[in-house]
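> structure of the sequence below:
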Amino acid sequence: MLSDNYTSFIYVVNGESIQESPKKIFLTDEVYLIIDKNLKMIWIWAGDKSRLFHRYIASSWAGKLKSKKKFYNFDYELVKQGREPEDFLIIYDEINDGRFDLKYPGESRKFMVKGKKINPKNITMQKEKKLNGSQKSRISKIIAEINEMQAHIKYSMDHIKKRLDEIEKIVE
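Alright, predicted model coming up:
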């Protein structure tokens with residue numbers, strides 16, 4: 001279950017107004033406004049069965065919200081169900097995973113390890129100096145070690161989440 005503080009950054013369109021902290025999120029016939037403090041973005045998520053009128057109302061409310069001091073200079077973007085951009089999918093996963101430990105949508109970005117897949121066969125130096133076989137082998141070994149560390153971190157984060165879920169069940 002998401003914290004009250006977390007859901008205070010989520011609104012659902014209700015007629016011509018919006019309601020803060022909806023009980024259910026991502027219903028296919030609804031439109032939601034989700035405040036992303038880190039990216040200074042107001043996401044307007046529209047379910048694939050939502051009404052065009054509700055999307056219009058959500059855009060209007062996003063304009064009103066961003067004129068308030070709390071959300072001044074925020075941008076807003078319409079996101080349709082099934083076509084969510086990568087930045088939004090982080091929030092989508094937080095909500096679907098019930099991240100009650102987070103204070104606001106998008107906070108989990110702080111804990112993410114960003115990495116790129118590197119093909120050791122294509123590694124060259126800035127001056128187009130080709131690497132010899134032992135250098136490429138050494139780099140491949142380092143990359144494998146880093147990938148293993150990332151896997152351990154992911155495992156640890158998943159384990160922590162399971163333990164927190166267990167605590168929540170005990171507390172209920």
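
> wait, a helix at residue 78?
No: with DSSP: H, G, I helix; E, B strand; the rest coil as the criterion, residue 78 is strand rather than part of a helix.

> name the residues linked to it by a beta bridge.
residue 44 (DSSP bridges).

> I'd say it and residue 56 touch.
No: using C-beta atoms under 8 Å, residue 78 is not in contact with residue 56, being 10.2 Å away. Glycine gets a C-beta too; all of them are placed from N, C-alpha and C.

> just the strands from the protein, written as ranges.
Here the chain has its strands, by DSSP state E, at 10-14, 17-20, 31-36, 41-46, 75-80.

> what is the burial count for residue 75?
Residues near residue 75, counting by other C-beta atoms under 10 Å, number 12.

> quick check: closest non-adjacent residue to it.
residue 41 (5.5 Å; C-beta to C-beta, 6 or more residues apart in numbering).

> look up how far residue 139 lies from the residue sitting furthest away from the middle of the chain.
Distance from the C-alpha centroid of the chain peaks at residue 132, with 40.7 Å (C-alpha atoms, centre = their mean). Here the criterion is C-beta to C-beta, to the nearest Å. By it, residue 132 lies 11 Å from residue 139.
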